[in-house]
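Undergrad: Sequence first, predicted model second:
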Amino acid sequence: ASFFSTGVFAEKNPDFVKSVTSAGFNVYNRGYDSTNLTTLTAETIPVQLTKAAASIEAATGVSPLPYLRPAFNATNATVVKAAADAGYCLILGTVDATDWQDGVTAAAAVDRVMGKLTPGMIIQLHAGYDITAETVTGLLSALKAKGYSLMTLPSLINS
């Protein structure tokens with residue numbers, strides 16, 4: 001697994017974010033907050049990224065470079081250029097498990113992901129929601145049963 005954190009989340013949950021890194025996982029940038037980067041200017045996008053990076057690095061001791069997953073998977077030419085200029089490669093999710101939505105069950109989140117299953121897909125899950133842990137457990141079982149294995153983002157990109 002690879003994790004993306006907002007700067008706000010890293011500031012509010014530094015012990016959690018640090019524990020992710022301590023467990024051997026990478027924590028990458030998702031912007032300072034959940035601002036849709038396509039609504040910002042070329043001058044303000046780097047502010048979001050730098051502020052988030054500082055918060056994530058303060059929590060983990062590790063830079064969140066080189067990956068950025070923009071909120072809502074929203075991107076345009078301005079975001080792509082600003083991110084690249086700041087040293088980031090954009091990563092977009094293939095499927096959002098919707099574990100963050102009110103009323104969604106873990107079973108429904110698993111079904112949503114499995115219904116869109118493709119090799120190399122990037123599954124978006126969200127920390128801090130009641131069903132996320134159960135969704136992960138269900139996904140691991142379902143994916144394993146179909147012969148899939150998980151890999152880190154760098155491994156996926158380099159494969």
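TA: Yep, it's here. Note that this is a predicted model, so its numbers are computed, not measured. Numbering: from 1, shown residues only.
Undergrad: quick one: contacts of the longest helix along the chain?
TA: Looking across the chain with DSSP state H, the single longest helix is helix 45-60. For helix 45-60, contacts defined as CB atoms under 8 Å, 6 or more residues apart in numbering pick out 5-8, 10-11, 13-14, 17-18, 20-21, 27, 29-33, 35, 37, 40, 62-65, 68, 78-79, 82-83, 85-86, 88. To be clear about C-beta, it is placed using only N, CA and C from the backbone, and glycine gets the same treatment.
Undergrad: can you pull the buried residues of that helix?
TA: Using 16 or more other CB atoms under 10 Å as the burial criterion, the residues of helix 45-60 that qualify are 45-46, 48-49, 51-57, 59-60.
Undergrad: what's downstream of it, the next helix or strand?
TA: strand 67-68 (DSSP states H and E).
Undergrad: That next one: how far from the chain's middle?
TA: Going by CA atoms, centre = their mean, to the nearest Å, the spacing between the C-alpha centre of strand 67-68 and its chain's C-alpha centre is 8 Å.
Undergrad: try stretch 70-78
TA: That offset, for stretch 70-78, works out to 13 Å (CA atoms, centre = their mean).
Undergrad: Inside helices: which ones of the contacts of helix 45-60?
TA: 7-8, 10-11, 14, 17-18, 20-21, 78-79, 82-83, 85.
Undergrad: Of these, which count as buried by neighbour count?
TA: Of the ones in helices among the contacts of helix 45-60, these count as buried by 16+ other CB under 10 Å: 7-8, 10-11, 17-18, 20-21, 79, 82-83.
Undergrad: Name the residues that touch the lowest-mean-pLDDT helix or strand in the chain?
TA: Using mean pLDDT, DSSP states H and E, the weakest-scoring helix or strand in the chain turns out to be helix 153-158, at a mean of 89. With contacts defined as CB under 8 Å, 6+ apart, helix 153-158 is touched by 2, 26, 28, 67, 91, 120, 122.
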